[in-house]
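Student: Could you look at this predicted model? Sequence included:
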Amino acid sequence: MNCASPARVDRAYGGIDPQIGSAMHDIRTIRENPAAFDASLARRGLQGLSAQVLVLDEDRRGKILAAETATAEQNRASKEAGAAKGRGDEIEFERLRAEVAVKKAAIQRLTEEAAAQDQALRDLLMGIPNLPLDAVPDGKDETQNVEIHRWGTPRDFDFTPKEHFDIAGVIPGMDFATAAKLSGSRFVVLKGAVTRVHRALAQLMLDTHVEDHALTETWTPVLVKDEAMYGTNQLPKFAEDSYQTTNGWWLIPTAEVTLTNSVAGEILDEVLLPIRMAGHSQCFRSEAGSSGKDTTGMLRQHQFEKVEMVTICTPQTALAEHDRMTKCAEAILEKLGLPYRTIVLCTGDMGFGAQKTHDLEVWLPGQQKYREISSVSTCGSFQARRMNARFRPNGGGKPDYVATLNGSGLAVGRCLIAVLENGQEADGSVTLPAALHPYLHGKTKITAEGTLS
RNA sequence: GGAGAGGUGGCGGAGUGGUCGAUCGCGCCGGUCUCGAAAACCGGAGUGGGUUCACGCCCACCGUGGGUUCGAAUCCCACCCUCUCCGCCA
């Protein structure tokens, strides 16, 4: 098992081959208003792509016209040949047959040219990120994100709070040495009380989403085919971030992949929407490119647990669903009494597929910083176009692309860190949030010796 | 791992070389009938692309990619996927 080689990833898009009109960006929209397209991308720091797109598109259409005209002529000749044969006119049949044979080579060349132009345009469009919504603030990097909400007050410690891996009561339950022996760096072995709290957190999250937020609990594979990774745009651009098995499966970096792709290729009746799911899974990330970052502790691991939320809805309701999903994630932190802030990412800091993203950052006293614990994005129809996921409007009519949203609710490991750091006491014990007590059968703290009590 | 079956329109399911983009059933939309509905009857409707002011016309699509042929859903080759049985196994 290793990171994919580029050759491996270069294959076709599985069974769900997007057409030009649905290659993440609608070519007609660009044709109709190239200035608006450029203006949106300029906010992401990309310059004047529409000219390049339109030149390619025009060339492509010219080639298609030539190829299709020639094909139509051949089809007509073939049909006439059949008719001639039918009425026993051998001379006419032979003449038409020869005519078709002559055209064949030219048609093949024209068709190949048209297909090449079509592919070139698709490749170009595939590499262009989603367009930010108007409500997204402009900015070039994370320093220009905008805080929109803040909850809770960081606790006033009368001692210097430690990072999670230095807390006395945590040390026996968080074994990096053994993990290194088994698997290398960026892994952890959890033991005893810490494991129990970790498990309790995941249960609390799932129960809250199911009971309070009406999300449908969903359990999925963590090994997926290429096409699922294309659907949620881990492929083809970000192959080096994920792991692949020897027989070609990918280990999901997030359950967003499976939950979102569950509707790939479908035409859903509008009455079924919105579909709101929550799933708890292992996640696997190579963390290529983050070497040196967060190397100590379990903040950034190759394998971690996350409860993921995914919503499939109509484009018209996507923004309202985005706010709803953000609240679902915030509710977990509030139940746990963990101070956090919500920020809206600026245009320069958003992920490739997002139209708008809210990040939740939880207060980590050991670092004296707010750190990301959830990222909630609406992708509009961007992923739906790749997956060919559509809905049929109420009352009939042409199918339209659904909107897809995803968000962490929450990263379990990071949430564990937050609980441990925020609840730590001067003596090395950890006071646990009341919301967890039922899941711990009444236990309320981790002692300085590392046991539940 | 071994053996077999199969991939066709929203769904089910026909179709083995020539008006097949595709019979039929269900479901869907419109209409007749009805106070209204059901039933019955009549009619309509695939997806994507190109072209046109428009009506329309053209091209592609029966898992994917090649091949044979004047002509392929139908024949040949390769690949992918699904299912069934056997074996192994949590």
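Tutor: Thanks, I have it.

Student: where's A:S377 relative to RNA strand B, distance?
Tutor: Taking C-beta to the nearest atom of the strand, to the nearest Å as the measure, A:S377 falls 25 Å from RNA strand B. In this view, the C-beta of every residue, glycine as well, is placed from N, C-alpha and C.

Student: Distance check, that residue against A:Y439.
Tutor: 29 Å (C-beta to C-beta, to the nearest Å).

Student: So between these two, which is more surrounded?
Tutor: A:S377 (25 against 18; other C-beta atoms under 10 Å).

Student: secondary structure element for that one?
Tutor: Using DSSP states H and E, A:S377 maps to strand A:369-378.

Student: Can you tell me which helices and strands that strand packs against?
Tutor: Packed against strand A:369-378, as judged by 3 or more C-beta pairs under 8 Å, 6 or more residues apart in numbering; DSSP states H and E, are the following elements: helix A:318-335, strand A:340-344, strand A:356-364, strand A:403-411, helix A:412-423.

Student: need these in JSON lines with distance to A:F93, mean pLDDT and mean neighbour count, can you?
Tutor: What follows is these, written out as JSON lines (distance: least, C-beta to C-beta, whole Å; pLDDT from 0 to 100; neighbours: other C-beta atoms under 10 Å):
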{"stretch": "helix A:318-335", "distance to A:F93": "59", "mean pLDDT": "98", "mean neighbour count": "20"}
{"stretch": "strand A:340-344", "distance to A:F93": "70", "mean pLDDT": "98", "mean neighbour count": "20"}
{"stretch": "strand A:356-364", "distance to A:F93": "64", "mean pLDDT": "98", "mean neighbour count": "25"}
{"stretch": "strand A:403-411", "distance to A:F93": "55", "mean pLDDT": "96", "mean neighbour count": "28"}
{"stretch": "helix A:412-423", "distance to A:F93": "73", "mean pLDDT": "98", "mean neighbour count": "25"}
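
Student: mind putting those in TSV, distance to RNA strand B included?
Tutor: Listed next are these as TSV, based on distance: least, C-beta to the nearest atom of the strand, whole Å:
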stretch	distance to RNA strand B
helix A:318-335	20
strand A:340-344	32
strand A:356-364	26
strand A:403-411	16
helix A:412-423	23
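
Student: out of these, which comes closest to A:M126?
Tutor: strand A:403-411 (17.0 Å; C-beta to C-beta).

Student: So in that sheet, which strands flank the closest one, and in what orientation?
Tutor: In its sheet, strand A:403-411 lies beside strand A:303-313 (antiparallel), strand A:369-378 (antiparallel), with partners assigned from DSSP bridges.

Student: Identify, out of the ones you listed, the most deeply packed stretch.
Tutor: Among these, strand A:303-313 has the highest mean neighbour count (mean count of other C-beta atoms under 10 Å), at a mean of 25.

Student: quick one: it to helix A:318-335, angle?
Tutor: 140 degrees (axes from the mean of the first three to the mean of the last three C-alpha atoms, to 10 degrees).

Student: tell me the angle of strand A:303-313 relative to helix A:412-423?
Tutor: Using the same axes, to 10 degrees: strand A:303-313 against helix A:412-423 is 110 degrees.

Student: CA atoms only for strand A:303-313, dumped as PDB, please.
Tutor: Extracted C-alpha coordinates of strand A:303-313, given in PDB (Å, rounded to 0.1, in the frame of the first residue of the first chain):
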ATOM      1  CA  GLN A 303      -5.300   7.500  10.900                       C
ATOM      2  CA  PHE A 304      -8.100   9.200  13.000                       C
ATOM      3  CA  GLU A 305     -11.800   9.100  13.700                       C
ATOM      4  CA  LYS A 306     -14.300  11.600  12.500                       C
ATOM      5  CA  VAL A 307     -18.100  12.000  12.600                       C
ATOM      6  CA  GLU A 308     -19.000  13.400   9.300                       C
ATOM      7  CA  MET A 309     -22.100  15.100   8.200                       C
ATOM      8  CA  VAL A 310     -23.300  15.200   4.500                       C
ATOM      9  CA  THR A 311     -26.400  16.800   3.100                       C
ATOM     10  CA  ILE A 312     -27.800  16.300  -0.400                       C
ATOM     11  CA  CYS A 313     -30.400  19.000  -1.200                       C
END
